[in-house]
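Enquirer: Sharing a model that was predicted from the sequence below.
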Amino acid sequence: MQPNAAESRYLQRQIAYARPIFLVLAVVDLLELKHVGGDDLPFVFLLGYLIFALVVISAEQLFRKGGWHLPLVVDLAALIVFLFISPSEVAIWFPYLFVAFAAGIRWGLHRAIILAGAVSLALVVRVAVHGVVHWPAVISWTALAVGTFAGGVGLAFLGERSRRHSSENDFLARISSLLQVDQGMAESLRLMLDELARHFGCQEAYLAFRDSELERIFVWKVKPGKSERISPESITLARADAYLLDDLDATLCWNSLEGSGEGFGWDRRDARKLTTLPRLPRTSQEDLHVLSLATAMFDHSGQPAGRIVLINFGHKVTQQELRWFETVVRHLGPPLENLFLLRHMRARAIEAERSRISRDLHDGILQTLLSVEIQLDVLRRQAARTPEHAAAGIADLQQTVRNESAELRHLVTDLRPVRVQSADLVDLMHGFAERYRNDAGIALDLLITSDGLLAPDRVCRELFQIYREALNNIKKHARASHVVVKLWQDDSRVILVVDDNGEGFSFAGRFTGDELDRLRLGPISIKEHARTVGGVLTVESSPGHGARLTIEVPLG
């Protein structure tokens, strides 16, 4: 796994800044030898390379957009030269440790170990050529080789871990960014599962989620490289073991399911090794064509609720790879929970909106059409006897139809989605208020104290929906003669207040949205719109004297 461009530039800066630090340490050691009459050539070489390293830092800063960096071969060549001309083994250590660290980042641990072994052997040969062969010297050479090799491998390991850490962080950030509300749940899950399947090298991935409220399990399946839209398969809780397995806290891998199988796993709560590994039912293995799999659980509302399963790998999965997969799934848990919560909230909002439309149609237009039908039947029988009465009745019916047509037109207009941006909210509210005064015949005072709202567009969109919904409810149910709407913003929040002098709600007192939920009272649609943007709804009602709705939406 390789880091992306930004992470790669970060690692290259680490190498660029580490180079002069190690060289300064080597220069300090040579300065001590120079004071006792050492050769000037190694000192001049190292000092020149230090200056070159500082120039490289400036060059890499200048050309960072192009991804330029000094090749490691240059550092390795400088180390070889210094290995021959340096009078001190200690001074050689510092550029050697830097090269080992840089090799761990750029080449990986295995190549860095080979490099450390070669330099350790070269250092021992260098000492042996200038020394006398005897047992104490051999022991000293062995200790020098072991110490040099261990130091190089340690720095290479740190470099390789730094590169791996950057790569893993980059992958976690990238896959989390795929779960976006705006592009919809199905597309978000498709992109996420496709990325997982590609990353871990399997033929298929699926996500199974248990919806406790609906008492169903929803399964999304993806094969990498397929771009068509996916739809969830809905199954009963009785078949939970087919996708969620019997042990909900098991993280496991089956490299082979034939016969007794070959696999391993642990309990995700305490990492305790599982003595008995859960298996997919035989029918599920055949339906999904499962030869090997890896799976981990994610939580919803603090309880295990879903699994991500990778099927049919092109290689043998190791315990380290399964732990990394578990880390990825654990990291995806919170954004997945937010996605499912929003899906649930939207479903409730749609249900409430459908109920409102059904109620409006039943109480309004349908009742009027029934009345028109009855009147037409009466006029049909009176037409022959009293034509003048029939003509007057038909004129009344025509006016009724016109009124209902206008009402239906307003209803259809309200159902159309409105694209609300921060800059347009005030104008939209004033425009709706003007139409409302003309159509409803209710006095409306709209008081907006902020000339320009700086709230996000999604907040402005939900506030406008609440404003429109509240005024329509007042027109239809409150029998009010006067409404006051206030909107203002401070550094931390946006506040919308809708106050009327109508009949109020059926309850008396001041309640929050959560309290109204427990009592099964209050405007359902407005509550859902407020929660969508993290707003807090408060309703004050005085039956016979009016009601006040207050919505506070925090910013930032």
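Expert: The structure has been received and is ready for your questions.

Enquirer: Return the distance of residue 246 relative to residue 280.
Expert: Counting by Cβ to Cβ, to the nearest Å, the gap from residue 246 to residue 280 is 10 Å. The C-beta positions use only the backbone N, C-alpha and C, and glycine is treated the same way.

Enquirer: cool, and residue 482?
Expert: Distance from residue 482 to residue 280, counting by Cβ to Cβ: 66 Å.

Enquirer: Tell me which of residue 246 and residue 280 has more neighbours.
Expert: Neighbours per residue (other Cβ atoms under 10 Å) separate residue 246 from residue 280, with residue 280 holding more: 21 against 11.

Enquirer: residue contacts, the residue positioned nearest the centre of the chain?
Expert: Centroid-nearest residue in the chain, with Cα atoms, centre = their mean: residue 176, separated by 3.8 Å. Shown in contact with residue 176 (Cβ atoms under 8 Å, 6 or more residues apart in numbering): 331-332, 335.

Enquirer: Quick check: pLDDT value at it.
Expert: You'll see residue 176 listed with a pLDDT of 89.

Enquirer: Filter the contacts of residue 176 down to the ones in helices?
Expert: Mapping the contacts of residue 176 onto helices (DSSP state H) picks out 331-332, 335.

Enquirer: among these, who's most crowded?
Expert: The most crowded member of those, judged by other Cβ under 10 Å, is residue 332 (23 neighbours).

Enquirer: Now that residue: closest residue in space, sequence neighbours ignored.
Expert: residue 298 (6.3 Å; Cβ to Cβ, 6 or more residues apart in numbering).

Enquirer: Mind listing the residues bridging to the one you found?
Expert: With DSSP bridges as the criterion, residue 298 is bridged to residue 306.

Enquirer: Output the contacting helices and strands for the host helix or strand of residue 294.
Expert: Using DSSP states H and E, residue 294 sits in strand 293-300. Helices and strands touching strand 293-300, as assessed by 3 or more Cβ pairs under 8 Å, 6 or more residues apart in numbering; DSSP states H and E, comprise strand 250-256, strand 303-313, helix 319-360.

Enquirer: helices or strands up against the first one?
Expert: Pointing back at strand 250-256 there. strand 262-267, strand 293-300, helix 319-360.

Enquirer: sorry, back to before: nearest to residue 401, of the ones in helices among the contacts of residue 176?
Expert: Residue 401 has its nearest neighbour among these in residue 335, at 51.9 Å by Cβ to Cβ.

Enquirer: Wait, the closest one touches residue 180, no?
Expert: No. Using Cβ atoms under 8 Å, residue 335 makes no contact with residue 180, being 9.1 Å away.

Enquirer: in the stretch 101-250 of the chain, which spans are helices?
Expert: In the stretch 101-250 of the chain, the helices defined using DSSP state H, counting those that start in this stretch lie at 109-130, 135-176, 185-200.

Enquirer: Pick the most buried one from those helices.
Expert: Stretch with highest mean neighbour count among the helices of the stretch 101-250 of the chain: helix 185-200 (a mean of 20; mean count of other Cβ atoms under 10 Å).

Enquirer: just the angle between it and strand 303-313, please?
Expert: 50 degrees (axes from the mean of the first three to the mean of the last three Cα atoms, to 10 degrees).

Enquirer: Would you mind listing the residues in contact with residue 215?
Expert: So residue 215 contacts 236-237 (Cβ under 8 Å, 6+ apart).

Enquirer: now it: how far from residue 164?
Expert: Where residue 164 is concerned, residue 215 sits at a distance of 43 Å (Cβ to Cβ).

Enquirer: Name the nearest residue to residue 551, ignoring sequence neighbours.
Expert: Closest to residue 551 by Cβ to Cβ, 6+ apart is residue 496, at 4.6 Å.

Enquirer: Please apply the same query to residue 511.
Expert: Using Cβ to Cβ, 6+ apart, the closest residue to residue 511 is residue 539 (5.5 Å).

Enquirer: same deal with residue 196?
Expert: Nearest to residue 196 is residue 205, by Cβ to Cβ, 6+ apart, at 5.2 Å.

Enquirer: Can you name the residues bridging to the one you found?
Expert: residue 222, residue 310.

Enquirer: ok so, going back, what values do phi and psi take at the residue nearest to residue 551?
Expert: Here is the backbone geometry of residue 496 (degrees, to the nearest 10): phi -120, psi 130.

Enquirer: Count the residues that sit near residue 269.
Expert: When neighbours are defined as other Cβ under 10 Å, residue 269 has 9 of them.

Enquirer: Number of residues surrounding the closest residue to it other than its chain neighbours?
Expert: Using Cβ to Cβ, 6+ apart and skipping the chain neighbours, the partner closest in space to residue 269 is residue 249 (5.5 Å). By other Cβ under 10 Å, 14 other residues sit near residue 249.

Enquirer: for residue 92, same thing?
Expert: 24.

Enquirer: give me the number of residues near residue 310?
Expert: Neighbours of residue 310 (other Cβ under 10 Å): 25.

Enquirer: Next one: it, what pLDDT does it get?
Expert: So residue 310 comes in at 94 (pLDDT).

Enquirer: what's it in contact with, if anything?
Expert: 196-197, 200, 202, 204-205, 293-295, 325.

Enquirer: would you turn the residues you listed into TSV with distance to residue 315 and pLDDT?
Expert: Converted to TSV, the contacts of residue 310 look like this (distance: Cβ to Cβ, whole Å; pLDDT from 0 to 100):
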residue	distance to residue 315	pLDDT
196	15	93
197	14	93
200	9	93
202	9	93
204	15	93
205	16	93
293	13	92
294	11	94
295	17	94
325	13	94
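
Enquirer: out of these, which are buried?
Expert: The neighbour count (16 or more other Cβ atoms under 10 Å) marks 196-197, 200, 202, 204-205, 293-295, 325 as buried among the contacts of residue 310.

Enquirer: Looking at these, spot the one nearest residue 454.
Expert: Nearest to residue 454 among these is residue 196, at 38.1 Å by Cβ to Cβ.
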